[in-house]
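Student: What follows is a predicted protein model with its sequence.
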Amino acid sequence: MWLSVRFAVRRLGVYVSSVFMLLLLLGQFCALNLLSVLSPALARRIMLRLGERSTMSLNPRFRYEDWAPSFTTPRFLEAVLRGCWSCLGDSAFVGHRAPDCPLITLEGGRTSVHQFIRGNRPLLVRDFGDVADFLVIYIAEAHATDGWAFANNVDINQHRNLQERLTAAKSLIKENPLCPVVVDEMNDITASHYGALPERLYVLQEGKVIYKGGKGPWGYSPEEVRKVLQKMT
């Protein structure tokens, strides 16, 4: 009974936090567009601070001009709305059973999240290959070329069908992920139940969520996952 009440409260919290995040990002969008006209120097400082928080400004692949202007475009708003809407389905909470969402292998076969959980071994991070298993779930492209795009980024359009998503996911293999790579279904059910857009880290053990990271890019912290697994070694 108590567990059901806690789950219901956390589901309510998902709606509240999603509305808060939407309003916050809408305010940021309006403020940056206004400052870009009234005080371009201040707008740039704020953009750089946002870039530091998301590590975007630390990525040698991107210049300021590649990513910063995109935060004042309609495509950014579209991505925000899509992300907030998708995350309303978030039902993965620490201490509760992890949603066993359907997944697709790169060969087109069907599987699910729980199929990758082995006994009491945590499911995540490759740095701890002796105590944990790592899984990459490729979801909707966060910065598709025909969506909220960055300049000088990978050329991947929004997935219109499963074959396009599988093809995009296979490009990850070139990065040598050292772990299984699977994809979300086209209805984005896994991304929704795990509140994963645009990216998120989880640790699952024995079918339950034992760690839930913040929503990326600002809440994406592999170091937090490392600390969780260090306590288990």
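Tutor: Cool, the structure landed.
Student: And the pLDDT at the residue nearest to residue 215 when sequence neighbours are not counted?
Tutor: With C-beta to C-beta, 6 or more residues apart in numbering as the criterion, residue 215 has its nearest non-adjacent residue at 5.7 Å, and that residue is residue 200. Using the backbone N, CA and C atoms, a C-beta is placed for each residue, glycine as well. For residue 200, the model assigns a pLDDT of 91.
Student: Out of the helices and strands in this structure, which is least certain?
Tutor: Among the helices and strands of the chain, helix 222-230 carries the lowest confidence by mean pLDDT, DSSP states H and E, at a mean of 85.
Student: any idea of the angle the helix or strand harbouring residue 211 forms with helix 222-230?
Tutor: Assigned by DSSP states H and E, residue 211 belongs to strand 208-212. Counting by axes from the mean of the first three to the mean of the last three C-alpha atoms, to 10 degrees, strand 208-212 lies at 140 degrees to helix 222-230.
Student: which other helices and strands contact strand 208-212?
Tutor: Applying 3 or more C-beta pairs under 8 Å, 6 or more residues apart in numbering; DSSP states H and E, one finds that strand 208-212 contacts strand 202-205, helix 222-230.
Student: where along the chain do the helices fall?
Tutor: 2-38, 40-53, 64-67, 74-86, 162-170, 189-193, 222-230 (DSSP state H).
Student: deepest of the ones you listed, which one?
Tutor: With neighbours defined as mean count of other C-beta atoms under 10 Å, the helices of the chain peak in mean count at helix 189-193, which reaches a mean of 22.
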